[in-house]
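Asks: please find the sequence and the predicted model below.
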Amino acid sequence: QVQLVESGGGAVQAGDSLRLSCAASGRTFYLMGWFRQAPGKEREFVAAISWNGGRTVYADSVKGRFTISRNNARNTVYLQMNDLKPEDTAIYYCAADSRSWGVRNDEYRHWGQGTQVTVSS
């Protein structure tokens, strides 16, 4: 059974950093990504990474501040978030799929439960 488990969320001040982790069990995925959903808003794409880490893409709102990476030996994907802003406050979801690439919600079949990130000013 496939399971994605996120960790690392929390409450921080603006300008702080957090690192989210997502451990996948049950199988290894080519494509892994992070999405987020703020209160009252739809879930949005944050970042994605290809199988070997050679291809990454970021939402414009996080480019230059967030870094996605993965460790296939540990079947884990990370999201390093620096210079956090109040508008980054959201539930962050890890997602995975067997396709080679995708940035839309509907391109990911497997989802974690989410981890809350709260940034205060």
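Replies: Arrived safely, thanks for sending.
Asks: from Arg99, how far off is Phe29?
Replies: Noted for Phe29: a distance of 9 Å to Arg99, by CB to CB, to the nearest Å. For the C-beta atoms, the positions are set from N, CA and C on the backbone; glycine is no exception.
Asks: the more surrounded of those two?
Replies: Neighbour tally, Phe29 and Arg99, criterion other CB atoms under 10 Å: the higher count belongs to Phe29, 23 against 11.
Asks: chain neighbours aside, what residue packs nearest to the more buried one?
Replies: Distance criterion CB to CB, 6 or more residues apart in numbering; nearest residue to Phe29, sequence neighbours excluded, is Ala96 at 3.9 Å.
Asks: that neighbour contacts Ala24, correct?
Replies: Yes. The pair Ala96 / Ala24 is scored as a contact, 5.9 Å apart, by CB atoms under 8 Å.
Asks: now do the shared contacts for the two.
Replies: Any residue near both Ala96 and Ala24 by CB atoms under 8 Å, 6 or more residues apart in numbering counts here, and that gives 2, 4, 32, 77, 110.
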